[in-house]
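J.: only geometry, no sequence info:
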Ligand SMILES: [Mg+2]
Ligand SMILES: [Zn+2]
């Protein structure tokens, strides 16, 4: 049984920010939860399952958002969740040029770091995301993965026949027995 769920953030937990700002959530007001996210976190928390995030935030490397600003955006996401069911840790890759780091998706660095930090074996964690690089990163880290359908419909064509794709996070968790 899984001990942790590692979530992509944008398009998975919160709606993708407007295209005019590059799809980046740049202020707390940009965080609007996707359907069923709050109650899903509650279900996980009640079962003692870790709730972690792996998120690509190139906007920091591009100079559009400071790390303090990113903390404020992540903090807002947590404020929208039940108090005892918040995200325990946000792993993020701030790098603009993916070749210069080991954390940029589809590399496994953020996930392997979380596994170390929370003392988890790969088989004890599953990642949930909305884009192909989320899946590739999970595969590279050796953990299971499933999709919650993105609010960005351009990503839907990335999903393969063999992928497990769910309309909502609640449905995805139900399929795991949560
Ligand atoms: Mg995403
Ligand atoms: Zn990075």
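T.: On my side now, so go ahead. Computed from a predicted structure; not experimentally measured. Ligands and ions are numbered 1, 2, ... in the order given.
J.: please pull out the lowest mean pLDDT helix or strand from the protein.
T.: For the chain, the helix or strand with the lowest mean confidence is helix 58-61, at a mean of 95 (criterion: mean pLDDT, DSSP states H and E).
J.: contacts for it?
T.: Helix 58-61 is contacted from outside by 22, 24, 26, 65-67, 70, 92-97, using CB atoms under 8 Å, 6 or more residues apart in numbering. For the C-beta atoms, the positions are set from N, CA and C on the backbone; glycine is no exception.
J.: do that again at 6 Å, thanks
T.: Contact partners of helix 58-61, identified using CB atoms under 6 Å, 6 or more residues apart in numbering, comprise 24, 65, 70, 94-96.
J.: restricted to helices, list those residues.
T.: If you go by DSSP state H, the contacts of helix 58-61 have residue 70 in helices.
J.: and which of the contacts of helix 58-61 is nearest to residue 164?
T.: Residue 164 has its nearest neighbour among those in residue 24, at 27.7 Å by CB to CB.
J.: now do the least confident helix or strand of the chain: distance to the chain's middle.
T.: Here helix 58-61 shows a centroid-to-chain-centroid distance of 16 Å under the convention CA atoms, centre = their mean, to the nearest Å.
J.: next: stretch 42-55.
T.: Between the mean C-alpha position of stretch 42-55 and that of its chain there is a distance of 11 Å (CA atoms, centre = their mean).
J.: same check on stretch 78-93?
T.: 11 Å.
J.: near ligand 1, anything from it?
T.: No: for stretch 78-93 and ligand 1, the contact criterion (CB under 5 Å from the ion) is not met; the two come no nearer than 12.3 Å.
J.: buried residues, that stretch. List them.
T.: Across stretch 78-93, burial judged by 16 or more other CB atoms under 10 Å covers 78, 80-81, 85-87, 90-93.
J.: one step back: just checking the least confident helix or strand of the chain against ligand 2, any contact.
T.: No: Helix 58-61 stays out of contact with ligand 2 when judged by CB under 5 Å from the ion, the minimum separation being 8.0 Å.
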